[in-house]
Structure formats: structure tokens, C-alpha cells
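Enquirer: Output the structure for:
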Amino acid sequence: MPVNENQLLEAYAGLEGRTLIATAAKDFSGRIALLSSFGAESSVLLHMVSEVDRHLPVIFLDTLKLFPETIAYRDRLVRELGLKDVRVFQPNVADIEQDDPAGTLHLNNPDKCCNIRKTLPMEKAFQGFDAMISGRKRFHGATRSDLKFVSFDDKRVKIEPLAAFSGFDLQNYMIKHQLPSHPLKLAGYHSIGCAPLTCTSVGGSADNPRAGRWMGQEKTECGIHFTANGKIIRADQRGIAA
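Expert: Numbers count the residues shown, from 1 in each chain. This is a model prediction of the structure:
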């Protein structure tokens, strides 16, 4: 595999979708995993991974505040796509007891809530992995608008096979491969995270799916790109797309 950042960028130039997944899975064999929310658009990337390697680890963060429909959708996709290594991680019980015993932290400190329910479990889940595949797309806007196919942080390589996909591309892919929709998509949810209304509400559109997330708040991201103290890692702090 390429031995440094510049060589990796050169080797992966022009790759996206299934081809990028296959190349990264080969180069980082045994040291790469997919992070999936099993949300409204997740079936596309999960299908691509299933065609490359059904044994590639899939990390699912169960925040203990997810919609039951998401859990059911996860189970359906795992079964229908034949995914062989789905790993479920939940928040640390001690963290919940200390910081969110009433389960209402999302109301007064949503960044910290994301930190203990998503970021910390994610870091535990990715111990031993040098690369992460995620399903972020540029058309989601905000910190994702200049998303690169390959980026780097202080812990691992990030692979974004769907960075250039549009909502239309995703829809066509799902139709072509007869992939089931998330049950809540039919109810008007275009982006699906945790169940509290302050986290996920009906809304958004094909062009702006995340408009229904943290509606009325400055917050636009969950805990995946947060620091250990619950602060957002902005692009200008690392020199890469957040």
C-alpha cells in the first residue's frame, strides 16, 4: 500500500464509489472498517461494501436514543445484504450515569450528549483500525461542502466513497439495486439520527436532507467529528474538510 499521505492521495486520485472501497479494503486489509448509522441514505454504501467484501467490519453506534425503526432497518439490511461482521457499540454506562442520568442532556448540552453517546464509543470501536469508510456527501452542505474522497486526521485515514454523490445519484442507485428505504423516510424524515425532537425532526429535502437535524440550533454535526471535550473540530483547525 502507499506508505505516506502524498502517495496515498496520488494512488487514490480519481477513485470513488465501489472502486475506492475495493482499493482501500485491499490496501488496509484487516485495518479498515465502515462506520454506518443505518440511516436514510445508508443502504447505498452498505450495498457497495457488501459487493466488495461482506466480511468487512461495519461499526454501528447505538446511542440508546435511536428510533426503533432504525434498529429494525439495521437488522433488515444486515440480513438482506448478507453483512457478516456488524459490531454494535453503546455508550459507557458510567458516562451516562455521570453526565446524563435523567437522559435529558440533549436539551441543554447537545454537543456533550453526542460526545458521550457517539464520539467516545466510536473511538473505542475503531481502536486497531487505521482507516475509516464513511458515507458523508458534499451536497449535505455546511462542513461537508468541500469534502474530499480521502482525508487524514491524527488517528486514521478517512475514506469517503460517496463524497460527490447527489441526492439524485443515491435515489437512482437505490432503485437500480432495489434497496429498501428507511421506514421513517416515508414519514418525511430525510436525515435520521437520535429520536428526541431536538435532534431529529420531520423535514429536509432531497437537496438539503440535514435541514431536519438540530432544527433551530447552530449545531450541524453529531459527535463523530468532535474532540474529547465535546467541541467541534473545524476544518481550519486541521487543514482538512471537517
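
Enquirer: list the contacts for the closest residue to residue 163 other than its chain neighbours?
Expert: Among residues not flanking residue 163 along the chain, residue 147 sits closest, at 4.7 Å (CB to CB, 6 or more residues apart in numbering). Heads up, the C-betas are built off the backbone N, CA and C, glycines and all. Residue 147 is in contact with 136, 137, 138, 160, 163, 241, counting by CB atoms under 8 Å, 6 or more residues apart in numbering.

Enquirer: try residue 128
Expert: For residue 128, the contact set (CB under 8 Å, 6+ apart) comprises residue 31.

Enquirer: Would you state the helices of this protein in chain order?
Expert: Along the chain, counting by DSSP state H, helices occupy 5-12, 17-27, 42-52, 68-81, 93-99, 105-108, 110-114, 120-125, 167-176, 235-238.

Enquirer: Which of these sits closest to residue 156?
Expert: With CB to CB as the criterion, residue 156 lies closest to helix 120-125 of these, at 10.2 Å.

Enquirer: by contact count, what packs against the closest one?
Expert: With contacts taken as 3 or more CB pairs under 8 Å, 6 or more residues apart in numbering; DSSP states H and E, helix 120-125 sits against strand 32-35, strand 58-61, strand 86-89.

Enquirer: Now find how far off-centre the first one is within its chain.
Expert: So the one you mean is strand 32-35. 10 Å (CA atoms, centre = their mean, to the nearest Å).

Enquirer: Please enumerate residues in contact with it?
Expert: Here strand 32-35 makes contact (CB under 8 Å, 6+ apart) with 24-25, 45-46, 49, 56-59, 61, 87, 122, 125-126, 129-134, 159, 224.

Enquirer: got it, and the second one?
Expert: Where contact means CB under 8 Å, 6+ apart, the residues beyond strand 58-61 that reach it are 33-38, 46, 49, 74, 83, 85-90, 117-118, 121-122, 125-126.

Enquirer: Just the buried ones out of the residues you listed, please.
Expert: For those, a burial check counting by 16 or more other CB atoms under 10 Å picks out 33-38, 46, 49, 74, 83, 86, 89, 117-118, 121-122, 125-126.

Enquirer: Which residues are in contact with residue 66?
Expert: Contact analysis of residue 66 by CB under 8 Å, 6+ apart lists 193, 194, 195.

Enquirer: at 7 Å instead, please
Expert: Contacts for residue 66 (CB atoms under 7 Å, 6 or more residues apart in numbering) come out as 194, 195.

Enquirer: Over to residue 113?
Expert: Here residue 113 is in contact with 100, 105, 106 (criterion: CB under 7 Å, 6+ apart).
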